[in-house]
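A.B. asks: Generate a structure from the sequence data that follows.
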Amino acid sequence: MKFMTRTQKSILAFLSILVCSLGGLAIWLWQGQWQQPLGPALQIPTATPFEMPATWTPDPNATPTPPATSTVVPVSQASPLPTITANAGLCGAPPVMNILTIGTDARGDNYAYGLADVIRLVRVDFVNPKVTVLEMPRDLWVEIPDVADNLNGQDHEKLNQAYLYGNRGFGYTADPAQGPGLLARTLALNFGTQIDHYAAVNMRTFEKIVNAVDGIDVTLPETVDGRTATDTNKRLLFLAGTHHLDGTQALTLARIRIEGVFARAENQNRVLCALRDKFTSPAVIKKIPELIQSFQGAIQTDLSPQQLGQLACIGTQIQSGNIVFATFPSEYFKQTRQYDPVFKKNVFIWDVDFQVLRDYINQFNSGTWPTQPAALPTSSEKEAAICP
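C.D. replies: Got it, this is the predicted structure:
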């Protein structure tokens, strides 16, 4: 491993986070359960018609009429995907693996409660080795399956609450995959996402991961100041420059959103890039077996040991710049408020045309967006970024 170049390992950190977090790998291998998933598999309907008009606000009396210029095709009308064999991609993997990754705001050791604080769609290309990571804004007002009977007929809530309602603390779904399963189905219903697997990590586990590798080094081009009138603690201030962060500090930086959710997404991506650097360092690579066992049972996932091995394998074959973090262009989003009958108050949401998001996600699914940052129009130059 020490002879691999930096560019060949440019995505190994993100994949290694999954490998090292999904505990019990060594035990499963020893028991011969190589292909058995580490958790319940997703149960997403193959046909997911879009029943909402192309705006964020639902109108049960409206007839869906997408713009004539849209290239989005509803999943229910799309041509069937071609049949693929298990060895069609490198590392014995399928051509593409789509993973829903979730960072929850729960601080406990279990996953009974907690909102989806960070939602990312990860597309791993095993034919032309590349990883693209798309941020899904958590404050989208969406239709959530299964919850209406428990919410007095209310079937719309913020996207991040789908995860909360699905886990066993609320138990508003019979989906075996619980919170990740309900969130995955919600994304498919509203946006036509393609999701094969999931991995969810709570805040305590995230802190432990960073501490287990003795912290990370993050370079900030500008000062990030998360202090408020009610909390002026210096722990929320990160000056421009390079910082060595422990688990608590890395989590704090990743959660600051005083300058907006898009700025927060950029900081979260910097943290992921820093983890990439740490996981590909010779000192940490030697500790991976120990890390695997230390995080046994600390994550929700349906990935199997075999699939984890495929993810680690592809990380050694990546070329320079082929890990890309993407966000939707911010100009499509406007802040507004929506009355929430559950909380009996107006809550913050994003006013955005869902058809626009579906169009981007359709391109994300096919691997045609995002492109490399240098190829993007000036107005969208922050849509994507790559680890240095």
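
A.B. asks: any idea which element the closest residue to Ser330 other than its chain neighbours lies in?
C.D. replies: Nearest residue to Ser330 in three dimensions, chain neighbours excluded: Phe262, at 5.0 Å (Cβ to Cβ, 6 or more residues apart in numbering). Heads up, the C-betas are built off the backbone N, CA and C, glycines and all. Counting by DSSP states H and E, the element that carries Phe262 is helix 261-279.

A.B. asks: next SSE after that helix?
C.D. replies: Proceeding C-terminally, helix 261-279 gives way to helix 282-285 as the next helix or strand, assigned by DSSP H and E.

A.B. asks: tell me which residues of that next one are tucked away?
C.D. replies: Within helix 282-285, the residues that qualify as buried by neighbour count (16 or more other Cβ atoms under 10 Å) are Val284.

A.B. asks: got it, and stretch 157-175?
C.D. replies: Neighbour counts over stretch 157-175 (16+ other Cβ under 10 Å) mark 157-167, 169-170, 172-173, 175 as buried.

A.B. asks: Just the CA trace of the helix holding Phe262, in PDB.
C.D. replies: Taking Å, rounded to 0.1, in the frame of the first residue of the first chain, the C-alpha atoms of helix 261-279 are listed here in PDB:
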ATOM      1  CA  VAL A 261     -26.400  25.400   4.600                       C
ATOM      2  CA  PHE A 262     -24.300  25.700   1.400                       C
ATOM      3  CA  ALA A 263     -21.300  27.000   3.300                       C
ATOM      4  CA  ARG A 264     -21.800  24.200   5.800                       C
ATOM      5  CA  ALA A 265     -21.700  21.700   3.000                       C
ATOM      6  CA  GLU A 266     -18.400  23.000   1.900                       C
ATOM      7  CA  ASN A 267     -16.900  22.600   5.400                       C
ATOM      8  CA  GLN A 268     -18.300  19.100   5.600                       C
ATOM      9  CA  ASN A 269     -16.600  18.200   2.300                       C
ATOM     10  CA  ARG A 270     -13.300  19.700   3.700                       C
ATOM     11  CA  VAL A 271     -13.700  17.400   6.700                       C
ATOM     12  CA  LEU A 272     -14.200  14.400   4.400                       C
ATOM     13  CA  CYS A 273     -11.200  15.300   2.300                       C
ATOM     14  CA  ALA A 274      -9.100  15.500   5.500                       C
ATOM     15  CA  LEU A 275     -10.300  12.100   6.600                       C
ATOM     16  CA  ARG A 276      -9.200  10.800   3.100                       C
ATOM     17  CA  ASP A 277      -5.700  12.100   3.800                       C
ATOM     18  CA  LYS A 278      -5.600  10.500   7.200                       C
ATOM     19  CA  PHE A 279      -6.900   7.100   6.200                       C
END
